[in-house]
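**Q** Just need the structure, nothing else, for what follows:
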Amino acid sequence: GSAAGGAVLFGCPLVLVRRGNGNSSLTKDQKGPTKDQKGLTKGQVSGWTLIFPAGFTMAFWLPLVTRGRGRAIGVQESRWLAVQSGKSHFPEDYPDTPAYQRHVAAACATAQAAYS
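**A** Here you go, the predicted model:
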């Protein structure tokens with residue numbers, strides 16, 4: 001679309017997903033999350049996940065990462081975080097789903113191709 005003055009404006013569909021409540025302050029009498037040696041809450045991964053189209057990656061990526069406000073993780077890191085926080089990770093932890101069957105078939109094909 002365009003705005004007054006001839007400026008061209010573009011929209012971007014963006015989904016924000018909040019994980020955890022970000023509040024781990026408990027009194028010593030309350031039972032709840034504990035902290036590890038680095039002061040991080042065990043069993044809880046809190047923060048925000050941004051989901052946007054691939055064409056907008058650089059527009060969001062560079063400002064977030066270069067200013068130290070964003071952390072980059074991939075699929076392996078996502079799985080590691082799920083394991084560390086005791087959460088399920090899709091599709092690996094859902095063996096009765098078609099997505100898991102596709103995941104295993106793809107992993108087998110990749111492994112067979114690597115060792116053929």
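**Q** Now stretch 94-108: average pLDDT?
**A** Taken as a whole, stretch 94-108 has a mean pLDDT of 94.
**Q** can you list the residues that contact it?
**A** 88, 90-92 (C-beta atoms under 8 Å, 6 or more residues apart in numbering). From N, CA and C alone the C-beta is placed, and that goes for glycine too.
**Q** any chance you could map the helices in the protein?
**A** Secondary structure of the chain by DSSP state H: the helices cover 57-66, 75-85, 98-114.
**Q** just the ones you listed: most buried one?
**A** Ranked by mean neighbour count, the helices of the chain are led by helix 75-85 with a mean of 13 (mean count of other C-beta atoms under 10 Å).
**Q** Between the helices of the chain, which one is closest to F10.
**A** When the helices of the chain are ranked by distance to F10, counting by C-beta to C-beta, first place goes to helix 57-66 at 9.4 Å.
**Q** From the contact counts, what lies against the closest one?
**A** Taking 3 or more C-beta pairs under 8 Å, 6 or more residues apart in numbering; DSSP states H and E as the contact definition, helix 57-66 has no neighbouring helices or strands.
**Q** Out of the contacts of stretch 94-108, which is nearest to F10?
**A** F90 (31.7 Å).
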